[in-house]
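Undergrad: With the input below, show me the fold.
(one chain, ligands or ions: 1)
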Amino acid sequence: MNAEAETGPAGLSVALAGRLGAFALDIAFAAPATGVTALFGPSGSGKTSVLRGVAGLAAFDGRITVGDEIWQDAASFRPPHRRAVGYVFQEASLFAHLTVAKNLVYGARRSPGGVDAAHHAEIVELLGLGPLLARAPAGLSGGERQRVALGRAILSRPKLLLMDEPLSALDRFAKDEILPYFEALQAELAIPVLYVSHDIAEVERLADRIVVIEKGRVQAAGGLNAALTDSGLGFVRDPHAAAVLPARVVAYHTEDALTELDLGGQPVFVDGSGPHDVGAARRLRIEARDVSLSREIPTLSTISNTLKVRILAIEPASAADYSVFLALEGAEQLSFVAKVTRRSARRLSLAPGDSVFAQIKSVSLATARAIGD
Ligand SMILES: Nc1ncnc2c1ncn2[C@@H]1O[C@H](COP(=O)(O)OP(=O)(O)OP(=O)(O)O)[C@@H](O)[C@H]1O
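TA: Numbers count the residues shown, from 1 in each chain. So this is what the prediction gives:
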């Protein structure tokens, strides 16, 4: 996967270097003007330090530009209060003595345009905050508090949204409840979002791009699909390793309750997901262990999703298995991975460059969100 720096003039560009005690940070990456860029990496790799540096809360050397604004370079350093960031932390720090309604407009009152009623109504609607407005923070659940914190951050009209593991303090149930709100909101945001996480399931659902950080350095950066299926990165070694691919809804087949999508020119059928808007972009999640390979079109099979693919590479996954890296025929930039036994790979004489058929046992819509470009 190649590091990419092309984001156009309105994007975010970050280059920071410096020390925090014994820890050395030296990173550079770019993010497009819209969409979610996940900063992903192990604990202590420097993710929070990057966000703090971007917000001006930690003083590193370097250069930061947001749209046409220079926040920092060799000659200048904007202090934190002059960097229009919305910052959402692990634990929402709401004002205990103010209602949700007043917490929400706290940031907006200080923003240049003040409170915009239409924007306010839209954010309240997207985050489902209406029923909470009169409540005090003390009575809210963890997920509700995070929705309020996110609403407040956005109503301050930031040029950049920073989210530092906003779901990590929540249990799985609360996470599942809040994720659809995050997805809906992020699809509407017209600013770059940096999202720190070490939960790959969150990244699969929310991110458009990934910057992998390790020991204070950028290990890799690129689009979600490319990162998740990069043999050089660790994602494919997870037992639940999955690729996430952009698809478009073509039709809903009422008689079978199946949604048909177009994946790089090939049809894919997804069940149980109800009617969808024809033409809408969606992301598909395909787990490597749900993919099997065949030399011929499997006709006598109950599996309905078969994709024409080309083998890019074959690598050992365990003593018994290989990871087979695949590109979609006709849309080679889209990739996914099959986990197959070494025995089967030998039996089929699988080799890089071969055209084969991938049968997908289970394919799901990872989220209601599309993958941004
Ligand atoms: N003010 C500081 N002084 C000294 N060392 C610091 C300071 N702030 C952070 N560090 C160190 O810098 C390294 C990176 O920390 P950082 O919080 O950025 O990592 P992270 O990737 O966000 O980790 P986590 O996922 O655990 O939050 C850590 O080793 C940390 O101990």
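Undergrad: Now the residue nearest to the spatial centre of the chain: closest residue in space that isn't a chain neighbour?
TA: What sits nearest the mean C-alpha location of the chain, by CA atoms, centre = their mean, is residue 207, with 1.1 Å. With CB to CB, 6 or more residues apart in numbering as the criterion, residue 207 has its nearest non-adjacent residue at 3.8 Å, and that residue is residue 38. Placement of C-beta: from N, CA and C, glycine included.
Undergrad: And the helix ranked longest in the chain, what does it pack against?
TA: Ranked by residue count, the top helix of the chain under DSSP state H comes out as helix 172-188. The criterion is 3 or more CB pairs under 8 Å, 6 or more residues apart in numbering; DSSP states H and E, and the helices and strands that helix 172-188 contacts are helix 117-126, helix 142-155, helix 200-206.
Undergrad: At the contact with the ligand, which residues of the chain appear?
TA: 20-21, 23, 41, 43-49, 198 (CB under 6 Å from any ligand atom).
Undergrad: let's see it at 5 Å
TA: Within the chain, the positions near the ligand by CB under 5 Å from any ligand atom are 20-21, 23, 43-49.
Undergrad: Give me the subset of those residues that lies in helices.
TA: 47-49.
Undergrad: would you list these in TSV and tack on pLDDT and neighbour count?
TA: Listed next are these as TSV, based on pLDDT from 0 to 100; neighbours: other CB atoms under 10 Å:
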residue	pLDDT	neighbour count
47	96	25
48	96	19
49	97	21
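Undergrad: what about the nearest residue to residue 137 once chain neighbours are set aside, which SS state?
TA: Closest residue to residue 137 apart from its sequence neighbours, by CB to CB, 6+ apart: residue 94 at 4.0 Å. When classified by DSSP: H, G, I helix; E, B strand; the rest coil, residue 94 comes out as coil.
Undergrad: The closest residue to the ligand within the stretch 151-300 of the chain and residue 41, how far apart?
TA: Using CB to the nearest ligand atom, the closest approach of the stretch 151-300 of the chain to the ligand is made by residue 198 at 5.7 Å. Counting by CB to CB, to the nearest Å, the gap from residue 198 to residue 41 is 7 Å.
Undergrad: Now do the shared contacts for those two.
TA: Residues touching both residue 198 and residue 41 (CB atoms under 8 Å, 6 or more residues apart in numbering) are residue 47.
Undergrad: With neighbour numbers in mind, choose between these two.
TA: Shown here are residue 198 and residue 41; by other CB atoms under 10 Å, residue 41 has more neighbours (23 against 16).
Undergrad: residues touching the nearest residue to the more buried one once chain neighbours are set aside, list them.
TA: What sits nearest to residue 41 in space, not counting adjacent residues and going by CB to CB, 6+ apart, is residue 213, at 3.7 Å. Neighbouring residues of residue 213 by CB under 8 Å, 6+ apart: 27, 39-41, 45-47, 50, 219.
Undergrad: Would you point out the helix or strand in the protein whose mean pLDDT is lowest?
TA: strand 364-367 (a mean of 68; mean pLDDT, DSSP states H and E).
Undergrad: re earlier: for the contacts of residue 213, point out the one with the lowest pLDDT.
TA: Checking pLDDT across the contacts of residue 213, the minimum falls on residue 41 at 92.
Undergrad: Does that one touch residue 47 like I think?
TA: Yes. The pair residue 41 / residue 47 is scored as a contact, 5.6 Å apart, by CB atoms under 8 Å.
Undergrad: Mind listing the shared neighbours of the two?
TA: Each of 198, 213 lies in contact with both residue 41 and residue 47 under the rule CB under 8 Å, 6+ apart.
Undergrad: got the contact list for the residue nearest to the centre of the chain?
TA: Counting by CB under 8 Å, 6+ apart, residue 207 touches 36-38, 195, 224.
Undergrad: sorry, back to before: of the helices and strands packed on helix 172-188, which stretch is the most buried?
TA: Mean neighbours per residue, mean count of other CB atoms under 10 Å, is largest over the helices and strands packed on helix 172-188 for helix 142-155, with a mean of 23.
Undergrad: What is whichever helix or strand comes after it packed up against?
TA: Downstream of helix 142-155, the first helix or strand assigned by DSSP states H and E is strand 160-164. Here strand 160-164 touches helix 47-55, strand 85-88, helix 142-155, strand 192-197, going by 3+ CB pairs under 8 Å, 6+ apart.
Undergrad: Need the residues that contact strand 160-164.
TA: With CB under 8 Å, 6+ apart as the test, strand 160-164 has contacts from 12, 47-48, 51, 54-55, 66, 83-90, 150, 153-154, 189, 191-196.
Undergrad: got it, and stretch 264-281?
TA: Here stretch 264-281 makes contact (CB under 8 Å, 6+ apart) with 245-253, 256-262, 282, 284, 304-305, 307-308, 328-331, 334, 360, 363-365, 370-371.
Undergrad: Now which of the residues you listed would you call buried?
TA: By neighbour count, with 16 or more other CB atoms under 10 Å, the contacts of stretch 264-281 hold 245-250, 252, 258-262, 282, 284, 305, 307-308, 328-329, 334, 360, 363-365, 370-371 as buried.
Undergrad: Give me the residue ranges of the stretch 1-150 of the chain where confidence is low.
TA: Low-confidence segments of the stretch 1-150 of the chain (pLDDT under 70): 1-9, 109-113.
Undergrad: need the strands for the stretch 1-150 of the chain, in chain order.
TA: With DSSP state E, counting those that start in this stretch, the ranges of strands along the stretch 1-150 of the chain come out as 12-20, 23-31, 35-40, 61-66, 69-73, 76-77, 85-88.
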